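>>> when you get a sec, could you give me coordinates for this:
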Amino acid sequence: MTVTTQKAKRYIALIYTQETADQAASPQEMEQTVAAYNAFSEAVGRAGVMETGDALEGVATATTVRVRNGERMTTDGPFAETKEQLGGFYIFKCKDLDEAIHWAAQIPGAKNGSIEVRPIIEFGDE
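Coordinates of the predicted model:
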């Protein structure tokens, strides 16, 4: 009997929240948020799903780069004004999209913002 196992696929979970609401949080609320993210990171790490994850600096620190007609142009700030801003990400290694969604739904930012889950294209051999 031959046993085949499905290769895990990588997914990125992009965390979008309202940066102004995050900045208005009290020190106690921020402490609770950090504790919730730490607990989630530990849980997803113990499950063997998390490859990496990080928080991003605020949109005021962003620089958008474009090249038009061979000329590089930079603009301070994000690409577009939006209600929610990209605040961080996790990269998961999951058997399928359903498993990635299962973990994404547990990210603390899903309660007040949104989590965009996308498969990562794997180029070449791994």
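>>> which parts of whichever strand or helix holds Val34 are buried?
For Val34, the host element (DSSP states H and E) is helix 27-46. By 16 or more other C-beta atoms under 10 Å, the buried positions in helix 27-46 come out as Thr33, Tyr37, Phe40, Val44. C-betas here are computed from N, CA, C, even on glycine.
>>> check contacts around the closest residue to the first one other than its chain neighbours.
I take that to be Thr33. Excluding the flanking residues, the one nearest Thr33 by C-beta to C-beta, 6 or more residues apart in numbering is Pro108, at 6.3 Å. Residues in contact with Pro108 (C-beta atoms under 8 Å, 6 or more residues apart in numbering) are Thr33, Ala36, Tyr37, Phe40.
>>> what bridges to the residue nearest to the spatial centre of the chain?
Centroid-nearest residue in the chain: Phe89, 1.9 Å away (criterion: C-alpha atoms, centre = their mean). Beta-bridge partners of Phe89, counted by DSSP bridges, are Leu14, Asp54.
>>> that one and Tyr16, how far apart?
10 Å (C-beta to C-beta, to the nearest Å).
>>> how about Gly45?
For Gly45 relative to Tyr16 (C-beta to C-beta), the value is 22 Å.
>>> ok, now Thr75?
Thr75 is 20 Å from Tyr16, by C-beta to C-beta.
>>> how about the helices of the protein, start to end?
19-23, 27-46, 97-104 (DSSP state H).
>>> that older thread, can you check what angle separates the helix holding Val34 from helix 97-104?
Our comparison of helix 27-46 with helix 97-104, counting by axes from the mean of the first three to the mean of the last three C-alpha atoms, to 10 degrees, yields an angle of 150 degrees.
>>> make 166 the first number, not 1, from now on.
Got it, the first residue is 166 from now on, which makes the last one we talked about helix 192-211.
>>> identify the residues contacting helix 192-211?
Residues contacting helix 192-211 (C-beta under 8 Å, 6+ apart): Asp187, Ala190, Met215, Gly218, Ala220, Tyr255, Phe257, Trp268, Gln271, Ile272, Pro273.
>>> when Thr240 and Tyr181 are compared, which one has more neighbours?
Tyr181 (19 against 11; other C-beta atoms under 10 Å).
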